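Undergrad: generate coordinates for the sequence data below:
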Amino acid sequence: MVGEYSLNYNALHTKEVFFILVLSTGLFNHVTIIPMLLESAARDSWLSVIVSVIPYSIFLLIVYYIAHNTRQENISAWLKEKYGAFAAGIIIVPLLIILFIHAALTLIDTSIWAGIYYLPRIPNPIISAILVISCYWISTRKLKELAVMSTIVLPMVVLLGFFIMGVNTNQKELEYLFPVFLNGYTPFLKGIAYSLSGLTEIYVIILLQHCIKAKVKLKQIALLGVVLTVLILGPLTGAIMEFGPVEARNLSFPAYEEWKLLKIGEFISRMDFLAMFQWISGAFFRIGLFMYIINHFFKRGKSRFLLPVLYLVIYGLTFLQFNTYDLNKFLYVYFLPVSLITVLAVMILLFVLVLIKKKRSYDRLEKTQSKQTGVEGS
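TA: Residues are numbered from 1 along each chain as shown. A predicted model of the protein is given here:
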């Protein structure tokens with residue numbers, strides 16, 4: 001079942017891990033989750049994201065508490081030592097399954113998007129095969145190599161994001177964001193849940209905590225949380241202000257469609273090919289990182305066969321011929337609600353286990369100090 005994470009790579013700086021997480025998690029928050037938010041809360045979705053910061057802050061505190069009180073050890077090894085292999089499996093396996101499904105959905109979504117907008121004459125299996133081979137190569141690299149690549153790619157992705165945001169400013173109508181609560185509070189509350197389903201992906205820090213050289217500080221986790229929240233809020237408000245809440249809700253890829261509005265002067269437009277660099281960069285790092293984590297958290301990950309088999313499974317799923325509607329429906333109705341409940345349940349359980357172990361350690365320390373005080377007094 002779950003094995004110890006093989007540390008055959010150099011430990012990373014905190015910022016390097018965060019760069020990887022922003023690239024991988026950022027694609028989901030910046031692109032994939034936007035249609036779900038618009039479907040659930042429409043015009044109120046931007047307010048749902050802002051209010052979700054309140055419960056999200058509690059989740060960030062839980063993540064920090066776990067990392068701090070496990071001393072950033074390998075979480076699987078820590079659980080096996082303190083509570084046994086069964087407890088480690090209950091905590092780790094559900095999280096890895098979620099990562100695997102996320103990786104599969106990202107590859108399917110990316111291949112559909114690339115086929116629709118850029119490669120309509122290329123059969124989808126060929127597009128998917130190219131993506132699988134590229135992501136497999138990333139998964140076989142050391143984590144340090146992924147970190148170095150992310151420090152090069154992420155600044156370019158961010159600059160392109162600011163570029164499209166700035167150029168499209170004259171296309172935005174602020175009044176489209178108001179009035180709110182036209183359909184009551186239920187859509188708004190649903191939007192909070194879907195927002196959290198993307199934001200709680202920050203739990204990946206726990207799976208990578210032993211790879212980080214220095215102690216992770218609360219302010220660093222909070223900063224990462226803010227960045228992930230802005231990654232949702234930016235394209236979401238942009239889509240509503242540029243297309244209106246009704247039209248934005250009908251778009252399959254609102255964040256990408258914003259690139260089609262770009263126009264500089266009289267002669268420069270249709271620079272949406274730059275969106276491919278953003279999307280593909282995020283997809284490669286997301287799939288590659290998640291499969292890397294899965295591969296190394298299992299004993300069989302030391303074998304050369306597990307990773308190819310997992311990628312073959314993902315590649316096989318692309319032959320099911322999902323379309324955008326089917327994929328979004330699966331995400332909206334089934335996967336995102338289930339994954340949110342699972343992540344919250346597992347992280348709360350892990351928090352309780354860490355809390356119990358800390359209390360026991362504190363009690364033992366108190367008893368030891370009391371005995372020493374008694375000996376000294378006699």
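Undergrad: ok, residues contacting stretch 84-92?
TA: M1, V2, I75, S76, L79, K80, L207, F297, V346, L349, L350, L353 (Cβ atoms under 8 Å, 6 or more residues apart in numbering). Heads up, the C-betas are built off the backbone N, CA and C, glycines and all.
Undergrad: I figured the fourth one hits F297, correct?
TA: Yes - applying Cβ atoms under 8 Å, one finds S76 in contact with F297, separated by 6.2 Å.
Undergrad: so which of the contacts of stretch 84-92 are in strands?
TA: Members of the contacts of stretch 84-92 lying in strands (criterion: DSSP state E): none.
Undergrad: mind putting the residues you listed into JSON lines with pLDDT and distance to Q278?
TA: Formatted as JSON lines, the contacts of stretch 84-92 follow (pLDDT from 0 to 100; distance: Cβ to Cβ, whole Å):
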{"residue": "M1", "pLDDT": "45", "distance to Q278": "37"}
{"residue": "V2", "pLDDT": "46", "distance to Q278": "34"}
{"residue": "I75", "pLDDT": "94", "distance to Q278": "31"}
{"residue": "S76", "pLDDT": "93", "distance to Q278": "33"}
{"residue": "L79", "pLDDT": "94", "distance to Q278": "37"}
{"residue": "K80", "pLDDT": "93", "distance to Q278": "40"}
{"residue": "L207", "pLDDT": "94", "distance to Q278": "25"}
{"residue": "F297", "pLDDT": "86", "distance to Q278": "29"}
{"residue": "V346", "pLDDT": "97", "distance to Q278": "31"}
{"residue": "L349", "pLDDT": "96", "distance to Q278": "36"}
{"residue": "L350", "pLDDT": "96", "distance to Q278": "33"}
{"residue": "L353", "pLDDT": "95", "distance to Q278": "39"}
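Undergrad: show me where pLDDT drops low in the protein?
TA: Residues of the chain meeting the criterion pLDDT under 70: 1-10, 299-303, 361-378.
Undergrad: show me where it has its strands.
TA: Going by DSSP E, the chain shows strands at 263-264, 268-269.
Undergrad: which residues touch the first one?
TA: This means strand 263-264. For strand 263-264, the surrounding residues in contact (Cβ under 8 Å, 6+ apart) are V167, S269.
Undergrad: so in that sheet, which strands flank it, and in what orientation?
TA: Within its sheet, strand 263-264 is paired with strand 268-269 (antiparallel), according to DSSP bridges.
Undergrad: and the contacts of the strand it pairs with?
TA: Strand 268-269 has contacts (Cβ under 8 Å, 6+ apart) with L262, K263.
Undergrad: what does stretch 34-42 give?
TA: Contacts with stretch 34-42, where a contact means Cβ under 8 Å, 6+ apart, come from 45, 47-49, 183, 187-188, 190-191, 193-195, 197, 232, 235-236, 239-240, 245-246, 248-249, 251-255, 328, 331-332, 336.
Undergrad: same check on stretch 99-111?
TA: Around stretch 99-111, the neighbours that count as contacts under Cβ under 8 Å, 6+ apart are 27-28, 32, 124, 127-128, 131-132, 135, 201, 204, 279-280, 283, 286-287, 290-291, 293-294, 310, 313-315, 317-318, 322, 324, 327, 330-331, 335, 339.
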